[in-house]
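Give me the fold of what follows.
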Amino acid sequence: MKWIALKNISDLDKIKDDSQYNPQFIFKHSTRCSISNIVMSRFESTYDLSSLSVYFLDLLKHRDISNKIAYDFKVKHESPQLLVIHNRICNLHSSHTNINQLNLLD
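Purely as a prediction, here's the structure:
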């Protein structure tokens, strides 16, 4: 899986714009959290999303971006968390082990 690093708040505008054509995925990850590490590992082994845009947000470095995501997409901040952005809105989101139960390819 190829991750796209989400490092700037301005990147959210690109995600919103690109979501008009194809769903965009944001995976919020706490690099020091064992649960987050397990969920991320399972996510990588569960899905073949190589043709999709999957953004990776390191929460320890970019909590400000996570706060902006929560505000812009009207979701509660959680970690780990996966958001599916389509047509400029969050159509689906999940956290913790529920992330790997989503059907993302339909």
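
Tell me which stretches of this structure form strands.
Per DSSP state E, the chain carries strands over the ranges 3-5, 24-29, 53-58, 81-86, 89-95.

which of those is buried the deepest?
Comparing the strands of the chain by mean neighbour count (mean count of other CB atoms under 10 Å), strand 24-29 ranks first with a mean of 24. Any C-beta I mention is one placed from the backbone N, CA and C, and that applies to glycine too.

what about the longest helix in this protein?
Counting residues, the longest helix found in the chain (DSSP state H) is helix 34-46.

So which other helices or strands are in contact with that one?
If contacts are counted by 3 or more CB pairs under 8 Å, 6 or more residues apart in numbering; DSSP states H and E, helix 34-46 sits against strand 24-29.

who does the strand it packs on pair up with?
According to DSSP bridges, strand 24-29 forms sheet pairs with strand 53-58 (parallel), strand 81-86 (antiparallel).

And the helix-or-strand element of the chain with minimal mean pLDDT, what's buried?
Lowest by mean pLDDT, DSSP states H and E among the helices and strands of the chain is helix 34-46, with a mean of 87. Across helix 34-46, burial judged by 16 or more other CB atoms under 10 Å covers 36, 39-40, 43.

How far off centre is it?
Helix 34-46 has its C-alpha centroid displaced from the chain centroid by 13 Å (CA atoms, centre = their mean, to the nearest Å).

Touching stretch 12-20 from outside, list them.
6, 24, 26, 53, 55, 65, 68-69, 72, 85-88 (CB atoms under 8 Å, 6 or more residues apart in numbering).

And residue 71, how close does it get to residue 92?
Distance of residue 71 to residue 92, given as CB to CB, to the nearest Å: 18 Å.

so how far is residue 11 from residue 104?
From residue 104 across to residue 11, the span is 21 Å (CB to CB).

Flag the shaky bits of the protein, pLDDT-wise.
Applying pLDDT under 70 to the chain flags residues 1, 49, 51, 103, 105-106.
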